[in-house]
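1. sequence plus the predicted model coming up.
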Amino acid sequence: MIKTKYGTHDGNTWEYLCQQAFKLKYGEDGYQEMASSPGDYGIEGFTKKTGLAFQCYCPEKEYTQIELYEKQRDKITNDLDKLKKYESNLAARLGDTKIKQWVFVTPEINNNKLLEHAEKKQNEIKLNNISILDEDFTVLIKDGDFFSSEFIKINQINGEKLVFFDSQSDLHLDYGEDELTDYEKNIERKNKVRCDYDDKKNDSKLKKLNELTVKLWLEGEPTLKNIEKNAPKIYYHLVRIISQYEDEVSELSLWWQADANTLVEKVKEGLFERIKQELPDISGTDQRAISNHMVSKWIALCPLDFE
């Protein structure tokens, strides 16, 4: 099994998730699932009205980029060849429907050579004059993001937590004093207070804390963008939560008397608990990532301040 944006899957669970998504997205187009018995004949479902045919693929384990490309390439080749091999079997099931698009659905695409291979196989298959194919037959490759809205709805229905976090663990900031932006100067000033900075004895600690603050700030941006794109209702609810809490943080910073780190942890835990309470469908990891992101952002900007 492999970990994807939409849960941990193998070939069977990925196909099951995709079938649910196809039914949800293409039900009005007359989507028909092609049962695996006695065989899928190169497609796992099709739309009677629009001529879309689907084939799913999920790698069984984590592969290198080259290995994944080869696995996906071979799967496309073998299943497209079945369209000719099982032409009569498919015709009996498709009826008057002609396949206009054969769509390969896989969690991730990491090599654009796959597009080149798909185009090559498309042109090769069209030369065979297969009766079940439309004259404008095309091969498309789609990753999981094409069905992200459907996957999210399905996971919500099934009671699964929604995962949006997109790790950017390779982010690293290495800067000198003369290169600091205004935001980074804010981080430097506030983190000096957090480190109990005195006569540069905590230079190493301060540098690491500055880098971590920037890292948490930057990592949160793609997470919020994923939520906005794939779950807009959740996103706008989240924005309201953050906006209201930000005003409270600004007020709290004005009268806070204890040490800076206690304030930071209080704000961080407070936001986490509020998101957890009001948006329980979001995974705990994402709830924490959003909280870390916003607190780091508030340190870089104005709302969270201390002397």
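-> Thanks, I have it.

2. could you use CA atoms for every contact and neighbour count after this?
-> Will do.

3. phi, psi for Arg240 please.
-> phi -60, psi -40 (degrees, to the nearest 10).

4. burial count for it?
-> Counted with other CA atoms under 10 Å, the neighbours of Arg240 add up to 11.

5. do the same with Asp81
-> Counted with other CA under 10 Å, the neighbours of Asp81 add up to 17.

6. what of Ser204?
-> So Ser204, with other CA under 10 Å, has 10 neighbours.

7. ok, it to Lys192 distance?
-> To Lys192, Ser204 is 11 Å away according to CA to CA, to the nearest Å.

8. cool, Gly51 as well?
-> Counting by CA to CA, the gap from Gly51 to Lys192 is 63 Å.

9. what does Lys266 give?
-> For Lys266, the distance to Lys192 (CA to CA) stands at 19 Å.

10. now swap in Asn112 and tell me
-> 46 Å.

11. okay, the two: which has more neighbours?
-> Lys192 (22 against 9).

12. right, and that one touches Lys207 too?
-> No - using CA atoms under 8 Å as the test, Lys192 is too far from Lys207 to be in contact (9.6 Å).

13. quick one: list the elements packing against the host helix or strand of Ile66.
-> Assessed by DSSP states H and E, Ile66 sits inside helix 65-85. Applying 3 or more CA pairs under 8 Å, 6 or more residues apart in numbering; DSSP states H and E, one finds that helix 65-85 contacts helix 113-126.

14. C-terminal to the helix it packs on, what's the next element?
-> strand 133-142.

15. so how far is that following strand off the chain centroid?
-> Taking CA atoms, centre = their mean, to the nearest Å, one finds the center of strand 133-142 at 26 Å from the center of the full chain.

16. name every strand pairing with that strand and say which way it goes.
-> The pairing partners recorded for strand 133-142 under DSSP bridges are strand 99-105 (parallel).

17. spell out the secondary structure type for the residue lying closest to Trp298 once chain neighbours are set aside.
-> Leaving out its chain neighbours, the residue that sits closest to Trp298 by CA to CA, 6 or more residues apart in numbering is Leu304, at 5.2 Å. Following DSSP: H, G, I helix; E, B strand; the rest coil, the label given to Leu304 is coil.

18. what is the burial count for Leu304?
-> Leu304 has 25 nearby residues by other CA under 10 Å.

19. and the contacts of stretch 261-276?
-> With contacts defined as CA atoms under 8 Å, 6 or more residues apart in numbering, stretch 261-276 is touched by 194, 238, 241-242, 245, 249, 253, 256, 282, 284, 287-288, 290-292, 295.

20. rerun that using 6 Å as the cut-off
-> Residues from elsewhere that reach stretch 261-276 (CA atoms under 6 Å, 6 or more residues apart in numbering): 194, 288, 291.

21. check contacts around the first one.
-> Just to be clear, that refers to Arg194. 260-261.

22. all strands of this protein, in order?
-> Shown for the chain, the strands assigned by DSSP state E span residues 2-4, 7-9, 31-33, 45-47, 52-56, 99-105, 133-142.

23. what helices or strands is the third one leaning on?
-> What that stands for is strand 31-33. Counting contacts by 3 or more CA pairs under 6 Å, 6 or more residues apart in numbering; DSSP states H and E, strand 31-33 packs against strand 45-47.

24. quick revisit: let's have the strands of the chain in CSV, adding mean neighbour count and distance to Tyr63.
-> Shown next, in CSV, are those (neighbours: other CA atoms under 10 Å; distance: least, CA to CA, whole Å):
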stretch, mean neighbour count, distance to Tyr63
strand 2-4, 14, 9
strand 7-9, 16, 14
strand 31-33, 20, 29
strand 45-47, 24, 27
strand 52-56, 23, 17
strand 99-105, 21, 17
strand 133-142, 17, 19
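
25. go through those and name the closest to Pro232.
-> strand 7-9 (19.8 Å; CA to CA).
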